[in-house]
Every structure is written in structure tokens, then in C-alpha cells.
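Chemist: show me how the following folds:
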Amino acid sequence: MKPLRFSDKSIPFIFFLTILLAYGLLLPLTGFYWDDWPFAWIAKFLGPREFIPAFAGVRPFLGPIFFVTTSLIPPVPLYWQIFALIIRFISGLSAWFALNQVWPHDKRQVFFASLLFLVFPGYGQHWVALTHINQEWIPFIFYLLSFGFTARALRNQHGIASLREAIPNSEEEIAQLRSPAWSETTPRAGVRQLQVSGGQSTPEYPRSDIRNTIYALLLLMAGVFPTEYFIGLEPLRFLFIWAILSEEVHGFGQRLTQTLKQWWPYLLIWLGNAGWLAYFYTYGTYGSYEVEVVQDPLKITQVFSALGEALWKAGFYIWVQVLVLVSKAITAPTTLLTLTLIVVWFIFFLFYLRKLDLDDGEAKTFAVAAILIGLAGILLGRIPSLAAGLPLTLQSSYDRFMISMMLGGSLLITGLINLLIKSPAIKNYVFALLIALGIGQQFFNANIFRRDWAKQQEIYWQLAWRIPAMQPNTALLTDQMPIDYETDLSFTAPINWMYAPDYEGSDLPYALIYTEKRLGRAALASLEPNAEINLGLRRVAFRGSTSQAIVIHMPKNGCLRVLDPARGDEITYARESRFLVNAIPLSDPSLINIESNGTAKLPFLQEPKHTWCYYYARAELAYQKGDWNQVVDLINEAISLKYEPEDPFEWLTFIEAQAFIGNIDDAEKRSTEVFAQDKRIRPGLCQLWKRVHNESPARSESALVIQILSEYQCVR
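Modeler: Predicted coordinates:
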């Protein structure tokens, strides 16, 4: 019985399995994030064609990519998350293809570098699928393929050149070539056959080098023009060409000359793109990131510091980052699942490597080239984001800039391991561990996005329960939502989807505005009455006024609530952010259609189980109607089901309703319990008991009400 062995044909399967483990385990529990929402809304309500003009003033060559993908895939989160897996799989194959063309004899090292690229733990934005597939990953795949076709074309040309040098001149050599021993497989790669007629040899040279060069040039244009993310990567092609030519072209000057001869067509396209961007920045309508280094040049120490940070993070720290993160909560379920996944994959992959038949090639030669190209790749990949003055912060939306450093980071660590470790067995252990850690990091990231999506759904459903419908041209104001990957523009898209499902063009009927972020800017000039609100979403915009606004508050632990100046909420929530408190006088709950029979909703979100926040939202709606008995009934039902609020402030509505229906003793008892739980609630208790005192004359004479006001030191 033959021992079990794996060939290179098993590699795509390993790529696919790696993708599933790293990015797919929590796939059904992830959704839309960040700019996904505006893009999904555009695709749904304005159509895929809208992306062409929508990107005309930002990234004009990006619009066609969005047009094609959104024409094929409906704006449903699950579909885009599945598509993201497919795209990442293709990206891994593309990197494997490209590196195999550069180092065809170092298959094992190329395999490791490609797998590390596939799970590169510095990049954590995979789940922002609709945005990053179109904006970065598809152009990046084009760029990787362009590298590969350049290397393939060069190797074909190089094989031809070598054969030309060997063309025979003597009759003896020609006779030898006529012999049966010479087959069409004898020449080096790139030559299909050799025909000899009379005293002359006539090699038939393939044209695949020209064809592959054309492919490479077209793919370069498709990779570099849509987005500026990869503008720093083109010198890597020069280094790849140099590495290939170094196999047979000796001497620095000759190699440099030959490398430049091969690179110049790509250089022209690269310079053309740079000229295009310079025009757009200076004279055109470019509306993306500003080139901060032009307006405020960096000092040399800042440049070295930023590049050193990039080298440290992309080259070294990110490979062990997951261990640092899980150590902060070692007993948490996420930590235990992450560590289990790391161990299981490490064991499986180590077994696979021991059974894998792949050539090692010249490990040292590969290592030196990979290290140098890897260093260059990291430093060059940092240039676009550095020029825009943007930070390289891990575990945030800014780690998306790591995408242009992924190839360099993967090559650097692969080269270092091959250079420093001689034992094949130890190499297997190290690579298996690094890839397992990369999978663990991406699973850890997936769980962050799972929680974010769950929190988003809480917000949308609580908003729908509390505000079943509202008047058009209403702005929702808040300081900040307790969520990491969404902005007010992100929320504006789904809110319009919820409350204007029949939207057919013109201005947006609704918007959510972050007062902390927008105040003093074009979107929100001030918090004075009648101040204009203008929030753009590509080619459409919300145009409203602060006099037609509802102020909402979503605490980190608690339920979404509508704030009302008539209830004294400016005093009740005085300890919250000033950006929230100062907006409360603008809030007009009468804009809510409390008689609506329906509930606003997003079509792909199933209504969750009704827990405390559902009953609280419905009780708040009943409070707005003045139906005190319904408020009490709803909260009592929640209590009977063992639900209670996380935020004590949510008891205020129940206490006030009990008091208004005459349950003064119960209301006083609950007030005492809540005050003991959180002393910060005293201003809120004062406001509600004052209303009981002022609006219920029959009860205002009650000694108990007056005593309660006195106990809480309420100024009447």
C-alpha cells in the first residue's frame, strides 16, 4: 500500500479550506458595514448604472466595477459575504499564480507565501464586503495577475534567448538535432518545436510572450487606475523582473539595463496614472482623500517613524497579534474558540505539510530576494495612506491600508524563515503555526463584526418599534452610536430604506446626523432652530432643518430612546455628551406617526425575540399617546417574563405611568430602588415627580408626593 502523499493539485483545496475557516465560520451572522450601506441603498433604489456618475468625481474608473458586481449580486448582506469568500479565494490563487511565475523552482516557499497572504492578519476588513470587494480587492486581483503575466512573458522570452545562443552551426550539431533523441519537449520553456532544413536551423518561436505582456499591461491598468491604494506597488514589478533576470544575466549594469528594458512599458502606464491623479487633485474634480503631505510636508523623522511603524506592524507584530488580543480575556468564549481553532488547524496543517510533495528549490536564493522585495513591498505599500495623512491603526477601519502591504509582509516573513531556519521539519512547524495564528486572528475579527451586526440589528429594530413611521424630511440627531464600524452616513442609508421603501428619486426624505462629528460643518452649521441640514450621499442629499428633527439616544448598555424637551430630558440626561444635551431642545416627538399600523423594517432582517427593549419601546410609544394604563401593562408584562433594563433610566417611564394611574406607593417604591441602584438618576426622578405634582392636581396635595420631592431634594 502506497503511503499517502499530496501533490500541488491539492493546493486549491487547502486554499478553499483556509478561506472557510478564516472567514466563513460566522458568515451567516455578518452583514453590511460602513460604506456598504450607502452602496447597497444606491444599488437598490437608484440602480447599478448610478455608480458610473456617482464615482465620476471621486474615482471614475471604480464606477464600472461597482456597476458590474451590483448588476450581478442583489443588495443582500448574505450574498455579498458569500461573494467575499469567492473573491478572497481568487485573490489567493492569483498571488500563488504570480509568485509561481517569478519563482517556478521554489514551489514550497511560494506556497507558504501565498497562504500567509491569504490569511494576512494585519488586514481585518474582509467583512465590509460590498465596499472592499469593489474598491480594493478586484483591482488588487488584477494587479497580482499583472505581476504574474509579466513574469510569464519574461520567462518565455528568456527561454527563447537562451535557445538562440545554442543554435548549431556545424553539420555535426545539426545532425544531432535531426536525431530522434531531439523531441519537441527538449527546448526550454517557451519554444514549441525546432525544424531543421538543409544546413539551417529554424526554431519556431511562440508569441505567448507578446500575448502575456499585453495581458499584463491591460491588467495593470485595471489594477492601478480604479483606486490609488496600489499606486506604490509598481516598483515591485521592477524587483520581480530583476529577480528573474538575475538567474542568467550577470553584472549589475547589464542586469539593470535588461530590467529597465522589460519594465519601461509598465513604467509609462504607472506614470500616466500618476499624471492622471495629479490632474484630478489639482485641476479636476477629485473628491477623495487630500494629499496632506503637499499641504503640510512631513519631517524626515515623521517619515522614518511612519515607515518604521509600518515595517514593524506589517512585517512582524501582526503575526502574533491574536495572542496579545486573546490574552486580555483568556476565559472569554471568543478566546477559547479562537485558541481551539488555532490548535486544530496547526495539527491538521502540520500533517498536510509532511505529506506534501513540493520542491524547495534554492532556499537561500529565494530567501534573500523575498526579504528584499518584502521590505520594499511594505514600505511602498504604506506610501498612499501616509501621503493622505492617515494612520495605520490595527483593529480599526484604518487597517484597510494594510491591503497594499499584504504581499510584501507575506514575502518578508517567508524569506526570513527560509533564511534563518535550515531544518525542513522546523520550517513546517513555524509555517503551520503562523498560518494557524492568521486563521485565529481572522476568526477573532469575524466575531467583532458579528457583534457589530447584532448591535446594528438591535438599533434598527428598536428604532422601528419606537418610531413606526415619521414625517418626511425629518432628521434624526444624536451624538454618536455605540458602534465601531458605522458612521451617520452609514445609518442614513438603511433609515431611508426603512422609512421610504417606495423612494423614487429626488432628495432623501430622512437622515441621521452625528452632532459631534458634523456640528459647525456644512452638514450641520449649528444647533440653533431653523439651521440648515445638508447631508450628501453621493449624488443625492438630505436637505432639512433643525426645526424638523428628533433627537435619539442609544446608550452603550440600554435601549434606544427618543428624547423630549417637554419631559425635562435636557436635565435628566445632563451628564451625557454636550453634543447630545445641546440638541435636546430641538427634539420634536410629534413628528412621529404614533397611529401608524405598520412597522418600518429592512427586508432582510428578521424580527428578533421580544425582550425588554421591545416592551420599553412600545411603552414609550404608549407614553407619547398618553395611554398610562398601556405603559404599565407593557412593563408589567416584561417583568413577568423576567426582563429588566440594563440602564436604570428606563424605569422612569414606568414610574411616571404608575403615578399617573394612582399607584403612588408602587411608584415611590420603584423610585427608591432605582435611586439606590444609580444616584445619577436623581434629576430624572425630580422631573417626573414634578410632572406628577403639576399635572395631577388631585394627587398633588398628597403628602407622599410632596415628601418624595423633598427626599430627592427637588426644587419645585
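
Chemist: so for the protein, the centremost residue is which one?
Modeler: Geometric centre of the chain, nearest residue: residue 125, 2.8 Å, by C-alpha atoms, centre = their mean.

Chemist: so how far is residue 135 from it?
Modeler: According to C-beta to C-beta, to the nearest Å, residue 125 and residue 135 sit 10 Å apart. From N, CA and C alone the C-beta is placed, and that goes for glycine too.

Chemist: cool, residue 714 as well?
Modeler: For residue 714, the distance to residue 135 equals 55 Å [C-beta to C-beta].

Chemist: rewinding a little: what about the closest residue to the residue nearest to the centre of the chain other than its chain neighbours, neighbour count?
Modeler: In this structure, residue 125 finds its nearest non-sequential neighbour in residue 400, 4.5 Å apart by C-beta to C-beta, 6 or more residues apart in numbering. For residue 400, the number of neighbouring residues by other C-beta atoms under 10 Å comes to 21.

Chemist: so where's the stretch 551-700 of the chain uncertain?
Modeler: For the stretch 551-700 of the chain, applying pLDDT under 70 flags the ranges 696-700.

Chemist: swap in 50 and give it another go.
Modeler: Counting by pLDDT under 50, the stretch 551-700 of the chain has low-confidence residues at 699-700.

Chemist: I'd like the mean pLDDT over stretch 339-351, please.
Modeler: The predicted model gives stretch 339-351 an average pLDDT of 95.

Chemist: quick one: it to chain centroid distance?
Modeler: 26 Å (C-alpha atoms, centre = their mean, to the nearest Å).

Chemist: circling back: look at residue 714 and residue 135 and report which has more neighbours.
Modeler: residue 135 (23 against 17).

Chemist: which residues sit in contact with that one?
Modeler: For residue 135, the contact set (C-beta atoms under 8 Å, 6 or more residues apart in numbering) comprises 59, 62, 226, 227, 229.

Chemist: the residue lying closest to the second one once chain neighbours are set aside: neighbouring residues, count only.
Modeler: Take residue 62 and drop its neighbours on the chain: the residue closest to it by C-beta to C-beta, 6+ apart is residue 226, 4.4 Å away. Residues contacting residue 226 under the criterion other C-beta under 10 Å number 25.

Chemist: residues touching the residue nearest to residue 125, list them.
Modeler: 123, 125, 128, 132, 136.

Chemist: next one: it from residue 145, what distance?
Modeler: Residue 400 is 21 Å from residue 145, by C-beta to C-beta.

Chemist: highest neighbour count among the contacts of residue 400?
Modeler: Most surrounded of these: other C-beta under 10 Å gives residue 123, at 25 neighbours.

Chemist: about what we covered before: now rank the contacts of residue 135 by neighbours and give me the top one.
Modeler: Highest count within the contacts of residue 135 by other C-beta under 10 Å belongs to residue 226, 25 neighbours.

Chemist: isn't that residue up against residue 55?
Modeler: No - at 9.0 Å, residue 226 does not count as touching residue 55 under the criterion of C-beta atoms under 8 Å.

Chemist: overlap of the contact sets of the two?
Modeler: Common contact partners of residue 226 and residue 55 (C-beta under 8 Å, 6+ apart): residue 62.

Chemist: now do the same for the closest residue to residue 27 other than its chain neighbours: its pLDDT.
Modeler: Nearest residue to residue 27, sequence neighbours excluded (C-beta to C-beta, 6+ apart): residue 81, at 5.1 Å. For residue 81, the pLDDT comes out at 97.

Chemist: for the helix or strand residue 81 falls within, the distance to its chain's centre please.
Modeler: For residue 81, the host element (DSSP states H and E) is helix 77-102. Computed by C-alpha atoms, centre = their mean, the chain-centroid distance of helix 77-102 equals 16 Å.

Chemist: that one: what's the following helix or strand?
Modeler: Using DSSP H and E, the first helix or strand after helix 77-102 is helix 107-118.

Chemist: so which bits of stretch 408-419 are buried?
Modeler: 408, 409, 410, 411, 412, 413, 414, 415, 416, 417, 418 (16 or more other C-beta atoms under 10 Å).

Chemist: residues near the nearest residue to the fifth one once chain neighbours are set aside, how many?
Modeler: In this case it means residue 412. Sequence neighbours aside, residue 374 is the residue nearest to residue 412 in space, at 2.8 Å (criterion: C-beta to C-beta, 6+ apart). Residues lying near residue 374 (other C-beta under 10 Å) number 27.
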